[in-house]
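# Could you look at this predicted model? Sequence included:
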Amino acid sequence: MINSSSDNVKKLNSINRRMFITGSLKFFIMIGIVSRLFFLQVKENKKYLTLSDKNRIREWKLAPVRGEFHDYFDNVIAGNFEAYQLHVIPEQVENFKYVIYRLKDLLELSDSEFKKVLKRKKEIKPWETLIVSNNLSWDKFSKINNHLYDLNGVKPVISISRNYPFGDNFTHIIGYVSQANEQDIENTELIKKNFVPGLKVGKIGLEKSFEEKLIGTNDIERYEVNAYGRRISQLEFQKGKKGKTLKLTVDTEIQKLANELLKDKAGSICVMDIFTGEVIAMHSSPSFDPNLFVFGISQDNWQLIRNDPMKPLLNKTLQGRYSPGSTLKPIVALSALENGIINTNFTVRCTGKTEMYDQTYHCWKKEGHGYVSLRNAMKMSCDTYFYEIARKLGVDKLSETAKKFGLGKKVFDNLFEIEKDGLIPNTQWKKNALGKGWLLGETIITGIGQGYIQTTPIQLCLMTAQIANGGYKIYPKIVIDDKDKIKPSDYYTPLYKNSKNMRIIQDAMFGSTNEVMGTSYRSRIDNPKYQFAGKTGTAQVKKITERERELDLKTSEIPYEQRDHALYIAYGPYVNPRYALSIVVEHGGNGSTTAAPMAKKLFKLIIDRHEMRQSINKKKYLEI
Amino acid sequence: MYQHTRLTNNNFTFFQKFRNFDYILLICILLLGFISLATMYSTDGGKILFHTKSHFTKLMIFTMMMLFISFINIKLWFSIGYLSYIVVVGLLVWTYFFGISSSGSKRWMNLYFINLQPSELMKIFIILCLAKYFHRMKLENVNSVYTILTSLIIILLPMGLVIVQPDLGTSVLIAVSGIAVLWFAGINHKYFIYTMLGFIISLPFVIAFLKPYQKLRVLTFLNPDKDPLGAGYQIIQSKIAVGSGGIFGKGFLKGTQSYLEFLPEKHTDFIFTLFSEEFGFVGSVVLLVIYIIIIYRIIAIGANSRSYFAKLFCYGFGAAIFVFITINMSMVLGLLPIVGSPLPIMSYGGSSMLATMIGFGIVMSARVHSQQLIA
């Protein structure tokens, strides 16, 4: 008993000692846990609070409302309309199969459309929105609304979408919008920031150039969500801002006329205010309907546009590079006058052809024009005369004048990314680009706007405008901006050396249109209110062989691709001129028969609408 | 000593036994039960749903059971020490062959009214068994090779049976419970140090033998941000929940992390996370204090028990409970890798609560019969 009790004491001592050690250990461990709690909950609280909010709060961005485009008279030319859409949230539908087949019947969906809807359904989570149809006609929309009792979980939704009320009229100016693709998102920071699925962004034209102004800002909805992303409750709704509305200088009526005149033809018409540089109309034909692209173009329609031999996708006004043909003659003549190569009395005898440097150069008129002075040469567009003065002038001086008047460089700088420079050749250029020396024969054909020289229709229009306004520099614009980037001192810098020379050219252009024997005499308007001055041009697209020259075929007898381009430049009214225009009809044959008559119709309308335009201007100034 | 004069308490009246209750311990246990119910109510999204109801029922039944056990003389527990161990080992073997498989492991046996997890019971009965084993042993025999081998077998047998389920977490906790008793029984501290060193050295080899998911857990613990939506998800979300709770918490039923289902296993292993998110640092410390009082009372009861068996059991059980709590908390606070270990009483789960309540019952019985001598 004693033995056992002494053992008991030892055992008790041992267990108590060990309990003490354990207790101390526990104490330290507890301190460890409490300090960890303190660290997480007190010290790092802010960090974890943020993380927790990040967990539970989700933002939903809604597509921003895009700014509009208005024409000069505040007609909406690219606006927003309420698209009738049909949304289904699969998890809210009791019998999805029934509902979707019912919708297929009601909406008369084709099998391929139906398959697309089913495929999309598989891709989304059951509580996400399935867009069954994104642009329903009112008939179908109301039909669905009448059947809603039967369609549990189907939501008719009105959503804002782009609309171009004038169809193909403005396509080449404002372009179109379509769903943003990866490239758009990558290239533009603002698109990335505002991106929501289904966001539509500008793909070409001003819609693209002014994307950042037009896009606006998203409406933002903040929801509390659970771990699976299901919305639990809405916390906040933040209204976005509509994009900026841009006003253009164009006149819809004139634009529409231009479209009509070029119907079934390939070509371009542009009209410009010769003092302000405002583009009144700018059309490239054929055009296409931009509305087709808003909800994604169908393969059939796309192939139709893409494969059209007249190339509707090409903006001929800005991208089309044409030999200016005889429309260059005013510049050639001006250059010769300015450089003192000739004076108004200088005369050349035209026999229909001339031999220079072992080459025969033909005038368009086989019989020749006889003795011609500058004015008559311009009026009748005598090629021989211009061969001669081009030879005397030299290509370098000619190109200097041509460039001064706006040929060979972009008219709108970087406004349209597709705009082309064109080409005004000189000796230096040829050496650099082709590595060959300039041939004198090339100077001679440059004198009638053939050869290497290439200009875009908008450049021709600018050139005409600057001749018409007496030789002063203007800066063309198509968007009325709050702030002009051009310094006031840059306005109306004279481009001439002697203003008398400008008057000589203007007078010669007057003769060309308004006097007997003038190339566009038949398109003249005698009423001084509408009277205009112009210059025809016919640009060869290929070299004419001797055999063809002998055959002297009519335009309609030549295959389409080989017909000449018809050009016309003009300005009016002749007294107190205000507007200039350029017309190019691809493979239109002859400038005087195809292009000039269009100018007649255009000037009638342009000048009739001048008063209206002025009244808007006055109003604008009064408001200021 | 006083033995002979106090022997009369062998036959306490019911009323006397009632008076001998440790009311502080009882109140703390009831308080804990109440807190766990409230927390369970919160995991159900502020509604009385399945988990709350089930937890309430279990709490009621097992608390009753605990009180009932308190009245049973500690001698009885001594006498069935080996038997209960053998029965639970039998259950583990049964589970190995006929258990219910769930998410890749066979841990449960279907008793029709409850799915019992015998490994949880083993956490308690191994203490009982070893306490009995060392009760009569002389101190100089404790460190004999025979004793050490026998006690190791007692520990390793259930461990092995649990590891094959597979359930690493529980088997580690069983081992901890057993080792705690060995420590208090007076096994030379050198062995503990050597074992610890050996374990650390062999750790790389152990890791090589781990199942891929276990390896992933260890790696995730070391760097949870590596795979935030996969394996690291639990730890990261748990830390966010606790951390965002702040000093006073987000408020009862307002824990967004759990309410919005970002928290995994919020009913069971991660219940402390939810509690901590809603009640903050202050609430967490209060909860810890309740646990500390419980452990302190258990130790105090052990210290006041006359029998060596009761002492060993109370100390062992106190240490085990402490380890269960700290492992669970360290795990949800990102201090330890995720191993399945419930928080006693707080976590949802019948077997764990049953085992804990049996433990409390025996402790309470030791208190009621503190003067009981065991031959």
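Thanks, I have it. Residues are numbered from 1 along each chain as shown, chains lettered A, B, ... in the order given.
# Near chain B, which residues of chain A? Just list them.
Those residues of chain A that sit near chain B, judged by C-beta under 8 Å from any C-beta of the partner chain, are A:7-8, A:10-12, A:14-16, A:18-19, A:22-23, A:26, A:29-30, A:32-34, A:36-38, A:40-42, A:44-45, A:47-49, A:51-52, A:55-56, A:224-228, A:232. C-beta: built from backbone N, CA, C; applies to glycine.
# one more time with 7 Å, if that's ok
Neighbours of chain B within chain A, by C-beta under 7 Å from any C-beta of the partner chain: A:7, A:10-11, A:14-15, A:18-19, A:22, A:26, A:29-30, A:33-34, A:36-38, A:40-42, A:44-45, A:47-49, A:51-52, A:55-56, A:225-228, A:232.
# And the buried ones among those, selectable in ChimeraX?
This is the ChimeraX syntax for the buried subset of the residues of chain A next to chain B, where burial follows 16 or more other C-beta atoms under 10 Å in any protein chain shown:
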select /A:11,15,18,19,22,26,29,30,33,34,36,37,40,41,44,45,48,49,51,52,55,56,225,226,227
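# ok, then the element right after the lowest-mean-pLDDT helix or strand in chain A?
Lowest by mean pLDDT, DSSP states H and E among the helices and strands of chain A is helix A:546-551, with a mean of 74. Going down the chain from helix A:546-551, the next helix or strand is strand A:565-572, by DSSP states H and E.
# what residues does stretch B:303-318 touch?
Stretch B:303-318 has contacts (C-beta atoms under 7 Å, 6 or more residues apart in numbering or on different chains) with A:11, A:15, A:19, B:74, B:78, B:127-128, B:131-132, B:134-135, B:177, B:180-181, B:184-185, B:295, B:298-299, B:301-302, B:359, B:362-363, B:366, B:370-374.
# how much space between the closest residue to chain A within the stretch 151-300 of chain B and residue A:232?
Using C-beta to the nearest C-beta, the single residue of the stretch 151-300 of chain B nearest to chain A is residue B:243, 2.6 Å away. Residue B:243 is 22 Å from residue A:232, where distance means C-beta to C-beta, to the nearest Å.
# Next: residue B:309.
According to C-beta to C-beta, residue B:309 and residue A:232 sit 55 Å apart.
# again with residue A:89
In terms of C-beta to C-beta, residue A:89 sits 15 Å off from residue A:232.
# Could you tell me how many residues sit around residue B:147?
Using other C-beta atoms under 10 Å in any protein chain shown, residue B:147 is surrounded by 17 other residues.
# contacting residues around it?
B:137, B:141 are the contacts of residue B:147 under C-beta under 7 Å, 6+ apart.
# Residue A:294 contacts residue A:160, doesn't it?
No - taking contacts as C-beta atoms under 7 Å, residue A:294 lies outside contact range of residue A:160: 11.5 Å.
# Can you show me the strands along the stretch 51-200 of chain B?
Taking DSSP state E, counting those that start in this stretch to define them, one finds strands in the stretch 51-200 of chain B at B:100-102, B:105-110, B:115-116.
# So, low pLDDT: which residues of the stretch 101-250 of chain B?
For the stretch 101-250 of chain B, the stretches with pLDDT under 70 are B:221-231.
# ok, now with 90
Applying pLDDT under 90 to the stretch 101-250 of chain B picks out residues B:101-116, B:136-144, B:163-169, B:171-172, B:186-192, B:195-196, B:198-237.
# How about the residues of it by chain A?
B:138-139, B:183-184, B:186, B:239-240, B:242-247.
# which of the residues you listed count as buried?
Buried among these (16+ other C-beta under 10 Å): B:139, B:183, B:184, B:186, B:239, B:240, B:242, B:243, B:244, B:245, B:246.
# So of those residues, which two are at opposite extremes in space?
B:139 and B:244 (52.2 Å; C-beta to C-beta).
# now what about the least confident helix or strand of chain A, what contacts it?
For helix A:546-551, the surrounding residues in contact (C-beta under 7 Å, 6+ apart) are residue A:362.
# ok now it, how far from the chain's centre?
Chain-centre distance of helix A:546-551: 42 Å, with C-alpha atoms, centre = their mean, to the nearest Å.
# Going by neighbour count, which residues of stretch B:99-112 are buried?
B:99, B:105, B:106, B:107, B:108, B:109.
# Kindly report the same for stretch B:206-215.
Using 16+ other C-beta under 10 Å as the test for burial, stretch B:206-215 gives residue B:214.
# cool, and stretch A:193-209?
Result for stretch A:193-209 [16+ other C-beta under 10 Å]: buried residues A:194-195, A:199-209.
# out of those, which are inside helices?
If you go by DSSP state H, the buried residues of stretch A:193-209 have A:194, A:205, A:206, A:207, A:208, A:209 in helices.
# tell me the helices in the stretch 101-250 of chain B, going along the chain?
Per DSSP state H, counting those that start in this stretch, the stretch 101-250 of chain B carries helices over the ranges B:118-135, B:139-142, B:145-163, B:168-185, B:189-209, B:212-222, B:233-245.
# now for the second one, which elements pack on it?
Counting contacts by 3 or more C-beta pairs under 7 Å, 6 or more residues apart in numbering or on different chains; DSSP states H and E, helix B:139-142 is packed against helix A:2-38.
# Output the contacting helices and strands for the helix it packs on.
By 3+ C-beta pairs under 7 Å, 6+ apart, helix A:2-38 packs against helix B:139-142, helix B:168-185, helix B:271-304, helix B:308-332.
# most tightly surrounded among these?
Greatest average neighbour count among the helices and strands packed on helix A:2-38 goes to helix B:308-332 (a mean of 26), per mean count of other C-beta atoms under 10 Å in any protein chain shown.
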